[in-house]
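Colleague: Below are the sequence and a predicted model for it; my questions follow.
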Amino acid sequence: GTDPPAVVFRYAPGRGQEHARALLQGYRGIVQCDGYAAYKALAGEVTLAFCWAHVRRGFFDLVKGGAAPIASEALQRIAALYAIEAEIRGRPALERLAVRQARSRPLVAELFTWLEAQLTRLPRSSPTAEAIRYALNHRTGLEQFLHDGRIEIDNNTVERAIRPICLSRKNALFASGDDGGARWAAIASLVETCKLNGVDPQRYFTDLLTRLVNGWPNSRIDELMPWCWASASEQTSSAPA
């Protein structure tokens, strides 16, 4: 069956590649991420799928700052990719792959050819040239979504999941150092996983803490995961027994 959706936050005292490598611990699948250098260091160990939203953001900032015809056209071309994604969102991976191969792949190829042509017309130090180079330098990872229907066009799902944590980061200043940061990450993981599984976090934690205080056995701790609580709630209209 399909694995239940989950969000996992992990605290690290820095942003170096050693922390990303420790988190993945020999994982050899797909990692969807932005273009941060620490993730790029994992290339060859994992398949990196880069984020089109980060490419789009660079051109959007240029347009927001004033007249920017090249950036405007880049946004229009990227918008065409997103329009296709809106049509196939939630469909099976193989179906998404077929649509992307037939409709998105030619658009992506045309976009990169066009970006390369525009780059030759621009001063190397111009902001538009920098935005274009970001896209070109990440081309392989940006094209990964064309070859695997499981991959999203961007990592906005993760961005949305982490936003509440970013908004409350000042509270985390009082989380008692590294140990507190790790506990903060664990709680945040459960909260966001509750949301993904349609569980009210407050009701979940009330039930969870009550059961733990009352001596819930460690051997059955998996039964307290949010997706188990959601499944039992659907069947009995109450928390799982």
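Modeller: Alright, I've got the coordinates.

Colleague: tell me what whichever strand or helix holds residue 136 is packed against?
Modeller: In the assignment (DSSP states H and E), residue 136 maps to helix 127-137. Judged by 3 or more CB pairs under 8 Å, 6 or more residues apart in numbering; DSSP states H and E, helix 127-137 is in contact with helix 52-64, helix 69-88, helix 105-119. Every residue, glycine included, has its C-beta placed from N, CA and C.

Colleague: so which of the ones you listed is the most packed in?
Modeller: Of the helices and strands packed on helix 127-137, the one with the most neighbours on average (mean count of other CB atoms under 10 Å) is helix 52-64, at a mean of 18.

Colleague: per-residue pLDDT, residue 126?
Modeller: The model reports residue 126 with a pLDDT of 95.

Colleague: Can you point out the buried residues in the helix or strand residue 185 falls within?
Modeller: Using DSSP H and E, residue 185 maps to helix 177-196. Buried residues in helix 177-196, counted by 16 or more other CB atoms under 10 Å: 181, 184-185, 188-196.

Colleague: Please name the residues that touch residue 72.
Modeller: The contact partners of residue 72, taken as CB atoms under 8 Å, 6 or more residues apart in numbering, are 59, 63.

Colleague: repeat for the one 5 residues further on
Modeller: Contacts for residue 77 were tallied using CB under 8 Å, 6+ apart; they are 107, 110-111, 114.

Colleague: now the residue in the chain sticking out farthest from the centre: how far from residue 207?
Modeller: Most distant from the centre of the chain: residue 214, at 36.9 Å, with distances by CA atoms, centre = their mean. For residue 214, the distance to residue 207 (CB to CB, to the nearest Å) stands at 11 Å.

Colleague: what does residue 60 give?
Modeller: Distance of residue 60 to residue 207, computed by CB to CB: 43 Å.

Colleague: low-confidence ranges in this protein?
Modeller: Counting by pLDDT under 70, the ranges of the chain that qualify are 1-2, 161-177, 230-241.

Colleague: Break it into its domains for me.
Modeller: As assigned by the TED database, the chain contains the domains 52-153, 177-237.

Colleague: Mind putting the ones you listed into TSV with distance to residue 13?
Modeller: Below are the domains of the chain laid out as TSV (distance: least, CB to CB, whole Å):
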stretch	distance to residue 13
domain 52-153	25
domain 177-237	6
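
Colleague: what's the closest of the contacts of residue 77 to residue 129?
Modeller: Residue 129 has its nearest neighbour among the contacts of residue 77 in residue 114, at 14.1 Å by CB to CB.

Colleague: now the nearest residue to that closest one once chain neighbours are set aside: how far from residue 86?
Modeller: Closest residue to residue 114 apart from its sequence neighbours, by CB to CB, 6 or more residues apart in numbering: residue 77 at 7.1 Å. Residue 77 sits 16 Å away from residue 86, taking CB to CB as the criterion.

Colleague: Pull the contacting residues for residue 153.
Modeller: Going by CB under 8 Å, 6+ apart, residue 153 touches 52-53, 81-82, 85, 145.

Colleague: In JSON lines: those, plus distance to residue 124.
Modeller: Below are those laid out as JSON lines (distance: CB to CB, whole Å):
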{"residue": "52", "distance to residue 124": "24"}
{"residue": "53", "distance to residue 124": "25"}
{"residue": "81", "distance to residue 124": "27"}
{"residue": "82", "distance to residue 124": "29"}
{"residue": "85", "distance to residue 124": "32"}
{"residue": "145", "distance to residue 124": "29"}
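
Colleague: Would you mind writing the CA trace of stretch 103-120 as PDB?
Modeller: In PDB, the C-alpha atoms belonging to stretch 103-120 read as follows (Å, rounded to 0.1, in the frame of the first residue of the first chain):
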ATOM      1  CA  ARG A 103       4.000  18.200 -23.300                       C
ATOM      2  CA  SER A 104       6.500  19.600 -20.800                       C
ATOM      3  CA  ARG A 105       9.700  18.200 -22.200                       C
ATOM      4  CA  PRO A 106       9.500  20.200 -25.400                       C
ATOM      5  CA  LEU A 107       8.700  23.400 -23.400                       C
ATOM      6  CA  VAL A 108      11.700  22.800 -21.100                       C
ATOM      7  CA  ALA A 109      14.000  22.200 -24.000                       C
ATOM      8  CA  GLU A 110      12.800  25.400 -25.800                       C
ATOM      9  CA  LEU A 111      13.200  27.400 -22.500                       C
ATOM     10  CA  PHE A 112      16.800  26.400 -22.000                       C
ATOM     11  CA  THR A 113      17.700  27.100 -25.600                       C
ATOM     12  CA  TRP A 114      16.000  30.500 -25.300                       C
ATOM     13  CA  LEU A 115      17.800  31.200 -22.000                       C
ATOM     14  CA  GLU A 116      21.200  30.400 -23.600                       C
ATOM     15  CA  ALA A 117      20.500  32.700 -26.400                       C
ATOM     16  CA  GLN A 118      19.500  35.600 -24.100                       C
ATOM     17  CA  LEU A 119      22.600  35.100 -22.000                       C
ATOM     18  CA  THR A 120      24.800  36.000 -24.900                       C
END
